[in-house]
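Visitor: using only what follows, build the 3D model:
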Amino acid sequence: MTKFGAVLLAVGLCIWSTQAFAQTTTTVTTSKGAFTQYVPGSETVLVRGETNPNPVQYVVTKQTTVVDESGTPVALERIPAGSPLSIQYTGTENHLVASRIVVQAPVTIEKTTTTTTTTRPLSHDEKHELKEAEKKRLERQKDAIEDAEDKLDDDH
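Guide: As a prediction, the model looks like this:
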């Protein structure tokens, strides 16, 4: 009976030590996407993934860290829709829990417009029209100066 008790004790210790020292592994996955929506008090964030246009729902908790790229904390309520995000999360397809959300700077695309102007030599008629227009402009200026001089002479 003593041997049986010792064997039972040894088996019990083996089972207890296996359970006591068993390690659980949590896989953290990182996903990127665009911020879609956060409803205060809902404890969920909707994010449109890079490869899937349908929003994915992530649970946010008090332990979820939300920061910008420099590490400065960001309030979920202040993230504009469409902002690029990187989300670290755990869980399964039906229950994704966000542990860290990094709000990335939006990518700005500068649009450059190029205008091409084509020049050609003026024809003889166009040159003549320009000269006539310049003569008329100079005549109007001369008439305006003469009118101003006459008015000054009349005032004296």
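
Visitor: what segments of this structure are strands?
Guide: 29-38, 44-49, 56-59, 65-68, 84-92, 95-103 (DSSP state E).

Visitor: and the third one, what does it pack onto?
Guide: Taking 3 or more Cβ pairs under 8 Å, 6 or more residues apart in numbering; DSSP states H and E as contact, the helices and strands that strand 56-59 lies on are strand 44-49, strand 84-92, strand 95-103. Backbone N, C-alpha and C define where each C-beta goes, glycine included.

Visitor: columns distance to Lys142 and mean pLDDT on top of those, output as a markdown table?
Guide: Shown next, in a markdown table, are the helices and strands packed on strand 56-59 (distance: least, Cβ to Cβ, whole Å; pLDDT from 0 to 100):
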| stretch | distance to Lys142 | mean pLDDT |
| --- | --- | --- |
| strand 44-49 | 71 | 89 |
| strand 84-92 | 66 | 89 |
| strand 95-103 | 68 | 92 |
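
Visitor: need the strands of the chain in CSV with mean neighbour count and distance to Thr118, can you?
Guide: Output for the strands of the chain, formatted as CSV (neighbours: other Cβ atoms under 10 Å; distance: least, Cβ to Cβ, whole Å):
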stretch, mean neighbour count, distance to Thr118
strand 29-38, 17, 43
strand 44-49, 19, 46
strand 56-59, 18, 53
strand 65-68, 16, 48
strand 84-92, 16, 42
strand 95-103, 18, 48
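
Visitor: export these as TSV, with columns for distance to Ala144.
Guide: Shown next, in TSV, are the strands of the chain (distance: least, Cβ to Cβ, whole Å):
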stretch	distance to Ala144
strand 29-38	64
strand 44-49	67
strand 56-59	74
strand 65-68	64
strand 84-92	63
strand 95-103	64
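
Visitor: quick one: which of these is nearest Leu138?
Guide: The minimum distance between Leu138 and these falls on strand 84-92, with 62.1 Å, by Cβ to Cβ.

Visitor: and the angle for the closest one with strand 29-38?
Guide: Counting by axes from the mean of the first three to the mean of the last three Cα atoms, to 10 degrees, strand 84-92 lies at 110 degrees to strand 29-38.
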